[in-house]
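Asker: the following comprises the amino acid sequence and a computationally predicted model.
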Amino acid sequence: MACNSTVDCTCTYPCSRRGKCCKCVAYHRRSGEVPGCFFSKEGERSYDRSIENLYNDYRKRGY
């Protein structure tokens, strides 16, 4: 699968998928997780990529 993302990655976790959005999303989906770029800065720093944590992060932001 070719991944030609040119979007700046906001995730702070160093990995081989950094900046390659399609590979990152596919990787996290297999684990039932969400990529770090979906979270607020504070939520992303927890490295908890669970859907439950994303929900809590959105609630804290008032969505």
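Answerer: The structure has been received and is ready for your questions.
Asker: what's the burial count for S31?
Answerer: 9 (other CB atoms under 10 Å). C-beta coordinates here come from the backbone N, C-alpha and C atoms, glycine included.
Asker: list the contacts for C11?
Answerer: Counting by CB atoms under 8 Å, 6 or more residues apart in numbering, C11 makes contact with R18, C24, P35, G36, C37, E44.
Asker: let's verify it: helix, strand, or coil?
Answerer: coil (DSSP: H, G, I helix; E, B strand; the rest coil).
Asker: that one and G62: what is the separation?
Answerer: 23 Å (CB to CB, to the nearest Å).
Asker: circling back: which entries within the contacts of C11 meet the buried criterion?
Answerer: C24, P35, G36, E44 (16 or more other CB atoms under 10 Å).
Asker: isn't the second one up against V25?
Answerer: Right, the one you point to is P35. Yes. Using CB atoms under 8 Å, P35 is in contact with V25, at 5.8 Å.
Asker: do a quick rundown of the helices in the chain.
Answerer: Here the chain has its helices, by DSSP state H, at 21-30, 41-45, 51-60.
Asker: can you give me the buried ones in the first one?
Answerer: Meaning helix 21-30. Buried, per 16+ other CB under 10 Å, within helix 21-30: C21, K23, C24, V25, H28.
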